[in-house]
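In: Pasting a predicted model and its sequence here:
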Amino acid sequence: MKSEDIPSIRKIIRRNKRLELFFAVAGFLALLVGVLTFVALFAQMAWSGWERITPDFFTNFPSRRAGQAGILSAWVGSLLVMLVTALSAVPLGVAAGIYLEEYAPKNLFTDIIEINVTNLAGVPSIVYGLLALGVFVYTFGFGQSILSAGLTLGLLILPVVIVATREAIRSIPLHIREAAYGLGATRWQVTRDHIVPYSLPGILTGVIIGMSRAIGETAPIITIGALTFIAFLPESPIGPEFPWVNFEWLKSGFTVMPIQMFNWTSRPEEAFQQNAAAAGFILVLMTLAMNAVSIWIRYHVRKDIKW
Amino acid sequence: MVSSVTMRMSNQGAAEAASQGGSAADQGVGDAFSGVRPDKGVAVKASVENFSFYYGDFKALKSISMPVHEKRVTALIGPSGCGKSTLLRTFNRMHDLYPGNRYEGTIRLHPDNTNLLDPAVDPIEVRMRIGMVFQKPNPFPKSIYENVAYGLRIRGERNRSVIDDRVKEALRGAALWSEVEHRLHDPATALSGGQQQRLCIARCLATEPEVLLFDEPTSALDPIATASIEELVHELRDKVTILIVTHNMQQAARVSDYTAYMYLGELMEFGETNQIFVNPKRKETEDYITGRFG
């Protein structure tokens, strides 16, 4: 390069850097739109619902008097429905994901299944509600119960869990598998001792993403007939005598957090709007708490898994 | 001795190479190479017979025939893409894990004459008899102890003290014991690359394989770690039959007793290492050995 070229090269660099700055600013603004919108919504909910968030709010049933109304039946309902959702979607989704990734032959049939699983994640949730109304509520006779709701949401997040499981499995390097097979392990031994433990953090992330979606779902739950006003709790899952578990709660009627919110927002009185904001604030916190747990577990499991 | 080496050679070049391998050894050039021992009375542990391999329609290996001598180190050398790794991975049926691979011919394991490639022989049985060390150190993301114990666990060994003993013995065998004896329960991935590779060797040794396969075991390691692996291969050959793929010719010369030179899917020449390196029978082998090509 000739020395007289240096000024022109510097000019080019300056121009290139201006472009770079332009993108940095544009990207930052794009980020702000998302973050600020969430912060504003969350802050507004917290602001208007703040004075309603007292211990009583968590221990009171809904009431005609806004000041005495609480979310006891809603948060217990959400918790129990989530329990059924997790217990149904996780084993099914993980097993299906492992089968597709490790066992299934690669042919037209499994290709079609794969495409369908991915598409299922995009099916509107109300469709799952309709399906569940026909299958779980009427055909299987589970009624308008926690069991029906949990299974419906389980179905809803199943594709998310399957896809997350497959992604997590695919991130395990080939040479780790070969090491295990090379020692004479069977496919099941490789799956049990290596594939599942190493993909666990990824699977967990998928499960939590799915659960975060499910806990806010309203449409399918209303479709299968959740109650909007409920002043009793399901029976405790922990029984007083052997075997100390009780399954009566599965058949119980119920409500969940988003339905309770929906109920309150449809009331004309200002005080009920406050209740709705407070319940929304709690619901967001529940979701954030779930994410925090998953981040924590992921961090602690993943730090031991390196290739 | 020569007769046991020549068995049913179909490839003319290989047959020629093998039948003349012995005479080269008799010339007494062994002193120049640390790796050569007299091979009088050495049994054949495995024999490859008319072995061909296809990736889909591509014929990657063409009718290979060669012996693998018991408790000796046999090196497979040749330029990239010559099929040496493909041949090595056939010995423990790694190819069965992937669709589209096809092979013909036999690899007989002696003394029981089991054809490793027989569809009726379970690849898991083959892998339980033949261990493999890979190009990149691939310890499991588990503890050092669990890595070595894994082969025993999948064989159903439950007795803790037996596992403890075998783990210790295997780590000693892989010259790693003194470095890890106080941190057996640390993650294996915290070890250096050379230590990880020796751990992978220990993992194989724990199950006492009849044949140990090395697929370019030092290509991801620095020179010092490479030297320690080579030294280990040297020590191990008294206990186990070793087959090693390398594209480092000096390494083949240093560690092996026998060398097979492969090119474009064919076995060009097979013989005692000193014969191959000092007095190659074929022009192609000489060109490769002397670095004129490859």
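Out: Thanks, I have the structure now.
In: Can you show me the helices along the chain?
Out: Since no chain was named, I'll use chain A. Assigned by DSSP state H, chain A shows helices spanning A:6-49, A:55-59, A:72-98, A:108-120, A:125-132, A:146-170, A:174-182, A:187-190, A:196-215, A:219-223, A:257-265, A:270-302.
In: could you do chain B instead?
Out: Per DSSP H, chain B has helices spanning B:2-6, B:12-25, B:84-90, B:123-129, B:144-154, B:160-173, B:177-180, B:193-205, B:223-236, B:249-255, B:273-278, B:283-289. These are given in chain order.
In: Just the buried positions in the shortest one, please.
Out: When you say that, I think you mean helix B:177-180. Neighbour-count burial for helix B:177-180, with 16 or more other CB atoms under 10 Å in any protein chain shown as criterion, is recorded at B:177, B:179-180. Placement of C-beta: from N, CA and C, glycine included.
In: give me the subset of those residues touching chain A.
Out: Among the buried residues of helix B:177-180, proximity to chain A is found for none (CB under 8 Å from any CB of the partner chain).
In: which one of those residues is nearest residue A:80?
Out: Within the buried residues of helix B:177-180, the smallest distance to residue A:80 is 49.0 Å, found for residue B:180 (CB to CB).
In: can you pull the contacts of the residue lying closest to the closest one once chain neighbours are set aside?
Out: Take residue B:180 and drop its neighbours on the chain: the residue closest to it by CB to CB, 6 or more residues apart in numbering or on different chains is residue B:144, 5.2 Å away. Contact criterion CB atoms under 8 Å, 6 or more residues apart in numbering or on different chains gives B:171, B:180, B:183-188, B:191, B:199 as the residues in contact with residue B:144.
In: Against chain A, how distant is residue B:144?
Out: When CB to the nearest CB, to the nearest Å is applied, the distance between residue B:144 and chain A equals 13 Å.
In: how near is that residue to residue A:91?
Out: 33 Å (CB to CB, to the nearest Å).
In: Out of the helices of chain B, which gets nearest to residue A:194?
Out: Across the helices of chain B, residue A:194 has its closest neighbour in helix B:144-154 (9.2 Å, CB to CB).
In: Report pLDDT for residue 149.
Out: Using chain A here. The predicted local confidence for residue A:149 comes out at a pLDDT of 93.
In: hm, I was asking about chain B
Out: Each residue has a pLDDT score; the one for residue B:149 is 96.
In: roughly how far apart are the residue positioned nearest the centre of chain B and residue B:46?
Out: For chain B, the residue sitting closest to the mean C-alpha position, by CA atoms, centre = their mean, is residue B:243 at 1.9 Å. Using CB to CB, one obtains 8 Å as the distance from residue B:243 to residue B:46.
In: Equivalent analysis for residue A:65, please.
Out: From residue A:65 over to residue B:46 the distance is 87 Å, taken as CB to CB.
In: Neighbour count for these two, which is higher?
Out: residue B:46 (22 against 9; other CB atoms under 10 Å in any protein chain shown).
In: if I pick the more buried one, what's in contact with it?
Out: Going by CB under 8 Å, 6+ apart, residue B:46 touches B:67-68, B:91, B:107-110, B:116, B:211, B:241.
In: distance of it from residue A:80?
Out: According to CB to CB, residue B:46 stands 62 Å off from residue A:80.
In: and the closest residue to residue A:171 other than its chain neighbours, how many neighbours?
Out: Residue nearest to residue A:171 in three dimensions, not counting chain neighbours: residue A:202, with 6.5 Å by CB to CB, 6+ apart. Residue A:202 has 21 neighbours, counted by other CB under 10 Å.
In: List buried residues within the contacts of residue B:144.
Out: Judged by 16+ other CB under 10 Å, buried ones among the contacts of residue B:144: B:171, B:180, B:184, B:187-188, B:191, B:199.
In: wait, which of these is closest to chain A?
Out: Distance from chain A was checked for each of the buried ones among the contacts of residue B:144 by CB to the nearest CB. The minimum falls on residue B:187, at 5.9 Å.
In: Would you confirm that the closest one contacts residue B:140?
Out: No - with contact defined as CB atoms under 8 Å, residue B:187 and residue B:140 do not form a contacting pair (9.7 Å).
In: can I get the contacts of residue B:46 in a markdown table with distance to residue B:232 and neighbour count?
Out: Supplementary listing: those in a markdown table, determined by distance: CB to CB, whole Å; neighbours: other CB atoms under 10 Å in any protein chain shown:
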| residue | distance to residue B:232 | neighbour count |
| --- | --- | --- |
| B:67 | 24 | 27 |
| B:68 | 19 | 23 |
| B:91 | 20 | 23 |
| B:107 | 25 | 24 |
| B:108 | 28 | 20 |
| B:109 | 24 | 22 |
| B:110 | 25 | 16 |
| B:116 | 25 | 21 |
| B:211 | 16 | 22 |
| B:241 | 15 | 25 |
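In: Take these and keep only those in strands.
Out: Judged by DSSP state E, the contacts of residue B:46 include B:67-68, B:107-109, B:211, B:241 as members of strands.
In: so where's chain A uncertain?
Out: For chain A, residues meeting the criterion pLDDT under 70 lie at A:1, A:239, A:241.
In: Could you chop it up by domain?
Out: Structural domains of chain A, as assigned by automatic domain parsing, span the residue ranges A:3-51, A:54-302.
In: could the ones you listed go into TSV alongside distance to residue B:278?
Out: As requested, the domains of chain A are exported to TSV (distance: least, CB to CB, whole Å):
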stretch	distance to residue B:278
domain A:3-51	58
domain A:54-302	35
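In: Return the set of residues that bridge with the residue nearest to the centre of chain B.
Out: Following DSSP bridges, residue B:243 is listed with bridge partners residue B:74, residue B:213.
In: Surely it and residue B:76 touch.
Out: Yes - Residue B:243 lies in contact with residue B:76 (CB under 8 Å); the separation is 7.0 Å.
In: Spell out which residues are contacts of both of these two.
Out: Common neighbours of residue B:243 and residue B:76 are listed as residue B:88 (criterion: CB under 8 Å, 6+ apart).
In: So the residue nearest to residue A:171 sits against residue A:168, correct?
Out: Yes - at 2.6 Å, residue A:202 counts as touching residue A:168 under the criterion of CB under 8 Å.
In: Chain B contacts on the stretch 1-150 of chain A?
Out: Applying CB under 8 Å from any CB, we find that the stretch 1-150 of chain A lies next to chain B at A:105-106.
In: Of all residues in the stretch 1-150 of chain A, which one is closest to chain B?
Out: Here the stretch 1-150 of chain A gets closest to chain B at one residue, residue A:106, 6.8 Å apart by CB to the nearest CB.
In: For that residue, which residues are in contact?
Out: Listed by CB under 8 Å, 6+ apart, the contact set of residue A:106 reads residue B:99.
In: Relative to chain B, which residue of chain A is the closest?
Out: Closest residue of chain A to chain B, CB to the nearest CB: residue A:184 (3.7 Å).
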